[in-house]
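K.L.:
Here is a sequence with its predicted model. Questions after.
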Amino acid sequence: MFWFMLLASYIIGSVPTALIVGRLIFGIDIRDHGSKNPGATNTLRVLGKKSALFVLLVDVIKGAVAASLPLYFHLDAEPLYFGLAAVLGHCFPIFAGFKGGKAIATTAGALLIANIQLLLIAYITFFLITFLTKYVFFGSISVGLSLFIYTFYSPKLEFELIFLLFSFLLIFLHRSNIRNLILGIEPKISDKNLIKDRIPPKSGGFKM
C-alpha cells in the first residue's frame, strides 16, 4: 500500500498544469516561451495573471492531495513523503517527457498538509528573498535551504537529509537561472521587458 500510494502521488504530481493551459487556451507549448519552464512563474510571464493563478492553485492542490493520501486511507506514514513524491512528479512528469516545473507551488501544497510551521518558514523566506533580490529563483532556492537549516537545528524534526537533497534538487532545477545570472541575462521580477513574452489566447479558445 505504501509504495502504491507513493506511485499514485508521483502520478498526481505529473499532471502538467501549465502545459495543458498553454495548449488548450493559447495553442502553444509553454516550454518554448519565456524561461521555458512549465510552472506558475513562467505562466505569469507568458500567459498572464489569470492563467498563472489557475496553474498555481492546481499545482498547490497536487501537493496537498498527495500529502493527504496517507491521512485519507489511514496509513501510518509521514505525509511529507507522499507530498514530495508529487513534487518529483511535478518536476519530472511522466505525462510531459519528464520536463516539468521547479517544485515551488507543489511543495507549498505538500507542506500545507504535512507541516504548517515548515510551510510558513519556507514561504516567508521565499517572499523575503525574492523581494530583496528581485530574482524569483533566489527565493525558490531559499525554500529548500530554509527547510534544511530549520530542521537541522530542530530536535523534533528528522528531515535533515531529505531537505538537504531537496536543496540540491532546487539548485539543479534552477541551473539555467544561475547560468543566466552569471551571463547577466537573468531578468528581475521588475523587468518591464518581460511583457514582450506575453502571448494572447488563440482565437475561439477557452477563456478563463
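P.N.:
Structure's in. What do you need?
K.L.:
mind checking the longest helix of this structure?
P.N.:
Determined from DSSP state H, the single longest helix within the chain is helix 49-72.
K.L.:
Next, work out how far apart residue 193 and residue 187 are.
P.N.:
Distance of residue 193 to residue 187, computed by Cβ to Cβ, to the nearest Å: 7 Å. Yep, even glycine has a C-beta here, placed from its N, CA and C like the rest.
K.L.:
Apologies, that question was intended for residue 8.
P.N.:
For residue 8, the distance to residue 187 equals 37 Å [Cβ to Cβ].
K.L.:
Over to residue 25?
P.N.:
Per Cβ to Cβ, residue 25 is found 24 Å from residue 187.
K.L.:
Do you know the pLDDT at residue 197?
P.N.:
pLDDT recorded at residue 197 is 80.
K.L.:
Spell out the secondary structure type for the nearest residue to it once chain neighbours are set aside.
P.N.:
The shortest distance from residue 197 to any non-neighbouring residue, by Cβ to Cβ, 6 or more residues apart in numbering, is to residue 34 (4.6 Å). Following DSSP: H, G, I helix; E, B strand; the rest coil, residue 34 is assigned to coil.
K.L.:
Next up, the contacts around residue 34.
P.N.:
Contact analysis of residue 34 by Cβ atoms under 8 Å, 6 or more residues apart in numbering lists 42, 45-46, 194, 197.
K.L.:
Quick check: which element contains residue 21?
P.N.:
For residue 21, the host element (DSSP states H and E) is helix 17-21.
K.L.:
just checking, residue 89 touches residue 10?
P.N.:
Yes - using Cβ atoms under 8 Å, residue 89 is in contact with residue 10, at 4.1 Å.
K.L.:
Neighbour count: the two, which is higher?
P.N.:
residue 89 (27 against 21; other Cβ atoms under 10 Å).
K.L.:
In helices, which of the contacts of residue 34 fall?
P.N.:
Applying DSSP H to the contacts of residue 34, the entries found in helices are 42, 45-46.
K.L.:
returning to that earlier point: for the longest helix of the chain, which positions count as buried?
P.N.:
Residues of helix 49-72 classed as buried: 51-52, 54-56, 58-70 (neighbour count, 16 or more other Cβ atoms under 10 Å).
K.L.:
which of the residues in stretch 172-188 are buried?
P.N.:
For stretch 172-188, the neighbour count (16+ other Cβ under 10 Å) marks 173-174, 177, 180, 186-187 as buried.
K.L.:
Cross those against helices and list the overlap.
P.N.:
Judged by DSSP H, the subset of the buried residues of stretch 172-188 located in helices is 173, 177, 180.
K.L.:
wait, which of those is closest to residue 136?
P.N.:
Of all these, residue 177 has the smallest distance to residue 136: 8.3 Å, by Cβ to Cβ.
K.L.:
Now do the strands in the chain.
P.N.:
Counting by DSSP state E, one finds no strands in the chain.
K.L.:
just for it, where's the confidence low?
P.N.:
Applying pLDDT under 70 to the chain flags the ranges 203-208.
K.L.:
please redo it, this time with the cut-off set to 90
P.N.:
Residues of the chain meeting the criterion pLDDT under 90: 1, 34-36, 152-158, 189-208.
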